[in-house]
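K.L.:
Please find the sequence and the predicted model below.
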Amino acid sequence: MPSPLQNVRQTSGRISDPALHSNLQQPNPLLVVISGPSGVGKDAVVKRMQERAFPFSFVVTATSRPPREGEKHGLDYFFISKQDFEDLLARGEFIEHALVYGQHYGVPKDQIRRALASRQDAVMRVDVQGAATVRHLLPDAVLIFLLAESEEELLNRLRTRKTESAENLQRRIDMLHEELRRVPEFDYVVINRTGQLDHSVDQIAAIIQAEKCRTRQRVIQL
């Protein structure tokens, strides 16, 4: 069987292709997209990654919705008016945007550009529709789908967090099955079990580390 390195010339035990050696030593920065249905814990996962001081650049989503209790501007979201959001949208300042349950959400391009320019991995969280848009625009993004341990548990989380009107809650429940059908479009699935948030974060960190070891590096061009 041919050696996997048969096309790489070696001299005195060293790889003689400087470009290849450089790529192995300094892997490309990644764009990591954390997604999943409402209530699965996307915000909690990203917040825990920040608390554990992972060396990533966390992309903050802009939204026109008002903050929920405990949410902070510039940390959880950039909370802006509908008019300001639409002005930014008209100038092409978002990599992806969506109108979800009557509220605007968008991912600013500038945050991703600055992270990649400094060779930092950029981590962002978006809904399932947004993840599909990112995959279309940036095929080499790493897409991770969060799931709860069961559909019953996910529905329970939606009901008990009490942040939605009855109408919006029903919309989220109705959308759940459509979102779950899109799992095959993602690269990885992480089960975010109740009470095991750190385990979910550890799995995401392991995925990122494994991506750094790929022989074909992902390339993000924005």
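P.N.:
Yep, it's here. Numbering: from 1, shown residues only.
K.L.:
Tell me which residues touch the residue nearest the centre of the chain, please.
P.N.:
The centroid of the chain falls nearest to residue 33 when counting by C-alpha atoms, centre = their mean (1.8 Å). The contact partners of residue 33, by C-beta atoms under 8 Å, 6 or more residues apart in numbering, come to 124, 125, 126, 131, 134, 135, 141, 142, 143, 144. Any C-beta I mention is one placed from the backbone N, CA and C, and that applies to glycine too.
K.L.:
what are the ranges of the strands in this protein?
P.N.:
Secondary structure of the chain (DSSP state E): strands located at 10-11, 14-15, 31-35, 57-58, 62-63, 78-79, 94-100, 103-108, 122-125, 142-147, 188-191.
K.L.:
Could I get those in JSON lines, plus columns for distance to residue 159 and mean pLDDT?
P.N.:
Formatted as JSON lines, the strands of the chain follow (distance: least, C-beta to C-beta, whole Å; pLDDT from 0 to 100):
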{"stretch": "strand 10-11", "distance to residue 159": "61", "mean pLDDT": "44"}
{"stretch": "strand 14-15", "distance to residue 159": "56", "mean pLDDT": "48"}
{"stretch": "strand 31-35", "distance to residue 159": "21", "mean pLDDT": "97"}
{"stretch": "strand 57-58", "distance to residue 159": "28", "mean pLDDT": "92"}
{"stretch": "strand 62-63", "distance to residue 159": "22", "mean pLDDT": "94"}
{"stretch": "strand 78-79", "distance to residue 159": "25", "mean pLDDT": "94"}
{"stretch": "strand 94-100", "distance to residue 159": "19", "mean pLDDT": "86"}
{"stretch": "strand 103-108", "distance to residue 159": "20", "mean pLDDT": "90"}
{"stretch": "strand 122-125", "distance to residue 159": "22", "mean pLDDT": "94"}
{"stretch": "strand 142-147", "distance to residue 159": "18", "mean pLDDT": "97"}
{"stretch": "strand 188-191", "distance to residue 159": "20", "mean pLDDT": "97"}
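K.L.:
what would those look like in JSON lines with distance to residue 25?
P.N.:
Listed next are these as JSON lines, based on distance: least, C-beta to C-beta, whole Å:
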{"stretch": "strand 10-11", "distance to residue 25": "16"}
{"stretch": "strand 14-15", "distance to residue 25": "10"}
{"stretch": "strand 31-35", "distance to residue 25": "21"}
{"stretch": "strand 57-58", "distance to residue 25": "21"}
{"stretch": "strand 62-63", "distance to residue 25": "36"}
{"stretch": "strand 78-79", "distance to residue 25": "36"}
{"stretch": "strand 94-100", "distance to residue 25": "29"}
{"stretch": "strand 103-108", "distance to residue 25": "30"}
{"stretch": "strand 122-125", "distance to residue 25": "21"}
{"stretch": "strand 142-147", "distance to residue 25": "20"}
{"stretch": "strand 188-191", "distance to residue 25": "25"}
